[in-house]
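Trainee: using only what follows, build the 3D model:
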Amino acid sequence: MKKYRLGVIGLGDTWQQRHAPALHALTDRLEVRAVCDQIAHRAELVVEQFPDAVVVDGYHELASREDVDAIMILSPQWYGALPVMAACDSGKAIYCAAGLELESGEVDAIKGRVEQSGVPFMAEFSRRYAPATLRLKELVATRLGSPRMLFCHQRSARWAAAQKPWEDSPRTTSIRDLVGMVDWCYYIVDRPPTAVTGLMHVDNNSPEEEDYQMMSLDFSRGDSPPGGGPIAQISCGHYMPAEWKEAITYRPMATLQVVCQRGVAFIDLPATLVWFDETGRHQEALESELPVGEQLLRHFHRVMECPRHAKNDLEDACRSFSIVQSARESHRLGRRIKV
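Mentor: Here you go, the predicted model:
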């Protein structure tokens, strides 16, 4: 089994909780060799944890290093899509966890560039690899039957006015959340939606930012009437002040509720799954499963060993981003949009 050398660009909000522990657990497969972050001190702290790594000043220099086999892009920061292009130019595999602020034309350009270069590309769809999701997929196939309705919710604190320099912008974070939830529903239903309806609410104190977004996805096939197939309702809210900690955690809805042909399931990430059928309530104990970070990076290693494992990742990422953009357009036009 080959060990791959990684360059990390933009450490992101989940570095300490997800990526660093997973990389320490998978030292037989992956090693960090270079780190680039807009906050130099953060990069220096990472290098202290990974003795073979060095701090690199820019994403282009990192992508060009001969001792780097793959690029992990964990936050867009000011770089945007440029590290993806640099990795393609250098022939390096790409692990993309960043929610890029792009227009639809730019997404098409990136997709074309990655396909032209032939480099392996993996999008970080963390919800797919959560133990509760993997178990739900098994239940759908064996006990619960096909999904009919999905309700996917996320409620977070409003962003603080004094945003830390390394934190992603509110809009980037919101887009990343929505893209992830769209992909989650697509993954569970196992086919892409055919139409979307979107609605947004604007924070009166910050008119340039939306504090709540909702979209409805219709997975009906082309020969079915609207709503004749599975549907999903997705909502993402950042409307409570960060200091209202008790209110934020009060009576939270299940992150995902899935109504199936023969039962219903409730998921709270990463490992809580409760489901019901005609025999009653069932609660799964999933804490012993591999953490999400390890699941993701094990899959990335497989992608580099055999790139066909990621043949649909780029397509799925572009589709989900396009659906989020279509939902915004639906809100602007006040009508349902086919996708």
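Trainee: skip the chain neighbours and tell me the closest residue to Arg65.
Mentor: Ala34 (5.7 Å; CB to CB, 6 or more residues apart in numbering). From N, CA and C alone the C-beta is placed, and that goes for glycine too.
Trainee: can you list the domains in the protein?
Mentor: 4-119, 127-293+323-338 (automatic domain parsing).
Trainee: lowest-confidence stretch among the ones you listed?
Mentor: Lowest mean pLDDT within these: domain 127-293+323-338, a mean of 86.
Trainee: any idea how far that domain is from the chain center?
Mentor: 11 Å (CA atoms, centre = their mean, to the nearest Å).
Trainee: gap between the two ends of it?
Mentor: One end of domain 127-293+323-338 to the other measures 25 Å (CA to CA, to the nearest Å).
Trainee: swap in stretch 256-266?
Mentor: End-to-end span of stretch 256-266 (CA to CA): 6 Å.
Trainee: which strands and helices sit next to the one helix or strand Asp108 maps to?
Mentor: Here Asp108 sits within helix 104-117, counting by DSSP states H and E. Judged by 3 or more CB pairs under 8 Å, 6 or more residues apart in numbering; DSSP states H and E, helix 104-117 is in contact with helix 82-90, helix 313-333.
Trainee: which of the domains of the chain is buried the deepest?
Mentor: domain 4-119 (a mean of 19; mean count of other CB atoms under 10 Å).
Trainee: kindly check the end-to-end length of that one for me.
Mentor: Using CA to CA, the end-to-end distance of domain 4-119 comes to 14 Å.
Trainee: now that domain, how far from the centre of its chain.
Mentor: That offset, for domain 4-119, works out to 16 Å (CA atoms, centre = their mean).
Trainee: how about the helices and strands packed on helix 104-117 in TSV, adding distance to Ala247?
Mentor: TSV is the format used below for those (distance: least, CB to CB, whole Å):
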stretch	distance to Ala247
helix 82-90	38
helix 313-333	26
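Trainee: which of these sits closest to Glu48?
Mentor: Glu48 lies closest to helix 82-90 among the helices and strands packed on helix 104-117, at 23.2 Å (CB to CB).
Trainee: for Ser126, give me phi and psi.
Mentor: phi -60, psi -30 (degrees, to the nearest 10).
Trainee: quick one: contacts for it?
Mentor: The contact partners of Ser126, taken as CB atoms under 8 Å, 6 or more residues apart in numbering, are Arg18, Gly180, Val292, Leu296.
Trainee: nearest to Asp69, of the helices and strands packed on helix 104-117?
Mentor: helix 82-90 (10.2 Å).
Trainee: output the closest one as CSV, nothing but the C-alphas.
Mentor: This file holds the C-alpha atoms of helix 82-90, laid out as CSV (Å, rounded to 0.1, in the frame of the first residue of the first chain):
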residue,chain,number,x,y,z
LEU,A,82,-7.0,29.1,-7.9
PRO,A,83,-5.5,26.1,-6.0
VAL,A,84,-7.7,23.7,-8.0
MET,A,85,-6.3,25.1,-11.2
ALA,A,86,-2.7,25.0,-9.8
ALA,A,87,-3.2,21.3,-8.8
CYS,A,88,-4.4,20.5,-12.3
ASP,A,89,-1.4,22.3,-13.8
SER,A,90,0.9,20.2,-11.6
